[in-house]
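Visitor: Starting from these lines, generate the structure:
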Amino acid sequence: MYANEGVWRSILLQVVFLQLAFSSEWGYRDERLTPSDWYQEYPQCGGHHQSPIDIVTNDVLVDTSLTKLRLNGYGQSLTGGSLVNNGHSVQVNFPPGKRYILSGGGFGSKRYRALQLHFHWPLPGSVEGSEHTMNGKHLPIEMHIVHIKEPYDAVEQVKNMTDGLAVLGVFLDIGESKNSAVQKVLDCAEKLTKADSTTAIADGPSLLDLLPDSGTFHRYFGSLTTPPCYETVVWTILAQPVLISRDQLRAFQQIKSFESKHDSGCSDSASCLDTMVDENIIGGNFRPTQPYNGRVVTSFVDTKDDIRDIENDVDALCSKMTSSKKTVERISQCAKKQANRILKLLRRMFASKDQ
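Guide: Numbers count the residues shown, from 1 in each chain. Prediction:
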């Protein structure tokens, strides 16, 4: 009975998201409604607590009431789920019967169940495709894992709640080697040649495999970044990006909403991928950042990050030490610096423990 219930729930959620969040009426470039005009048919897109935003790290406040995220079931693979090209992104619909639950992280007793995940990326020739920006700078790709507050099942049920949805945002940046977990998603995406095409995920990564090692995150209240732009989202943006290869970025940039009508005539594949912009390519599917309108961004700092930073500073200092006159001075300065950082770390640990 539970399996059947899970199947029907998954089907319902897919229909709701395709209808609400991926209407053919809106888009990013050539469609009738581009982001600056979304509010004309979706009034909440002109609201005061919209997303995405630019996260200015110097203005972020450390919130000692925030705690580590609890990711129950995130170790389960996505095998058995499906990947959908909805014309605006590629979306992973989770396997029926598998539950991925987000809690902790300052949510109190609330639990959020994962509904789907999708990606935002740049057009060919660009490396700036994330929706949220860090200090005014886009990262190449941003992944959103969308969760709904239990016991609800549909976005319409929570659209008037400020905490009805919890979206986990993950940046993808360019590294030196391929990311095997992301590659499993891309292997499926290659089969999706047009909008509304779907393929089964036969060998999927786990959700944990798609996340960074660090638990440090930024928190604010905002909205869906696509119509209908309901202001019902608690945003959790992980600070550390996941690394992918440049070839993997190019693979995202070649995903299309429709099959190409003509051959570009380009013979050098690498050159083509960097410069060709097919009218049917999905890339550039990110909304411009929105005003804060009085909102505050807070953060949780993973204590293991602090310890790692201290270790790196000491290692870097030791590697530079010589028998020069300044050695003692360097040791003294470093000792004071690390003592202050350790004291701050201990204060945060004890403050968190008291609460």
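Visitor: from here on, contacts and neighbour counts on C-alpha atoms
Guide: Fine.
Visitor: What are the boundaries of the strands in the stretch 151-300 of the chain?
Guide: Taking DSSP state E, counting those that start in this stretch, the strands of the stretch 151-300 of the chain run over residues 165-174, 197-200, 217-222, 233-238, 242-244, 298-300.
Visitor: Using a markdown table, please lay out those strands together with mean neighbour count and mean pLDDT.
Guide: Shown next, in a markdown table, are the strands of the stretch 151-300 of the chain (neighbours: other Cα atoms under 10 Å; pLDDT from 0 to 100):
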| stretch | mean neighbour count | mean pLDDT |
| --- | --- | --- |
| strand 165-174 | 25 | 98 |
| strand 197-200 | 18 | 96 |
| strand 217-222 | 23 | 98 |
| strand 233-238 | 24 | 98 |
| strand 242-244 | 21 | 98 |
| strand 298-300 | 22 | 98 |
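Visitor: In CSV: those, plus distance to E128.
Guide: Output for the strands of the stretch 151-300 of the chain, formatted as CSV (distance: least, Cα to Cα, whole Å):
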stretch, distance to E128
strand 165-174, 10
strand 197-200, 26
strand 217-222, 20
strand 233-238, 17
strand 242-244, 14
strand 298-300, 24
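Visitor: Of these, give the one that comes closest to S77.
Guide: Distances from S77 to each of the strands of the stretch 151-300 of the chain were compared using Cα to Cα; the shortest belongs to strand 197-200, at 13.1 Å.
Visitor: Can you spell out which helices and strands pack onto the closest one?
Guide: Contact here means 3 or more Cα pairs under 8 Å, 6 or more residues apart in numbering; DSSP states H and E; on that basis strand 197-200 packs against strand 82-85.
Visitor: tell me the mean pLDDT for the strand it packs on?
Guide: Averaged across strand 82-85, pLDDT comes to 97.
Visitor: That one: partners in the sheet, and parallel or antiparallel?
Guide: For strand 82-85, the paired strands and their directions (DSSP bridges) are strand 90-93 (antiparallel), strand 197-200 (antiparallel).
Visitor: where do the helices sit along the protein?
Guide: 2-20, 155-158, 180-189, 246-253, 269-275, 303-320, 327-354 (DSSP state H).
Visitor: want to try CSV for the strands paired with strand 82-85, with distance to V167 as columns?
Guide: Supplementary listing: the strands paired with strand 82-85 in CSV, determined by distance: least, Cα to Cα, whole Å:
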stretch, distance to V167
strand 90-93, 14
strand 197-200, 23
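Visitor: Determine which of the ones you listed approaches T162 most closely.
Guide: Judging those by Cα to Cα, what sits closest to T162 is strand 90-93, at 24.1 Å.
Visitor: Render the CA-only coordinates of the closest one in PDB, please.
Guide: C-alpha atoms of strand 90-93 as PDB (Å, rounded to 0.1, in the frame of the first residue of the first chain):
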ATOM      1  CA  VAL A  90      16.600  19.400 -16.200                       C
ATOM      2  CA  GLN A  91      14.800  18.100 -13.200                       C
ATOM      3  CA  VAL A  92      15.300  15.000 -11.100                       C
ATOM      4  CA  ASN A  93      12.100  13.400  -9.800                       C
END
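Visitor: Any regions of the stretch 151-300 of the chain where pLDDT drops low?
Guide: Low-confidence regions of the stretch 151-300 of the chain, defined here as pLDDT under 70, cover residues 258-279.
Visitor: these two touch, right, I145 and L168?
Guide: Yes - under the contact definition of Cα atoms under 8 Å, I145 touches L168, with a separation of 5.1 Å.
Visitor: What is the neighbour count of the residue nearest to V158 when sequence neighbours are not counted?
Guide: Spatially, and ignoring its direct neighbours in sequence, V158 is nearest to G164 (4.8 Å; Cα to Cα, 6 or more residues apart in numbering). Neighbour count for G164, taken as other Cα atoms under 10 Å: 23.
Visitor: do you know how far G164 is from K110?
Guide: G164 sits 10 Å away from K110, going by Cα to Cα, to the nearest Å.
Visitor: quick revisit: out of the strands paired with strand 82-85, which comes closest to P35?
Guide: Closest of those to P35 is strand 90-93, at 19.0 Å (criterion: Cα to Cα).
Visitor: who's in contact with that closest one?
Guide: Taking Cα atoms under 8 Å, 6 or more residues apart in numbering as the criterion, the residues outside strand 90-93 that touch it are 10, 14, 81-85, 115-119, 189.
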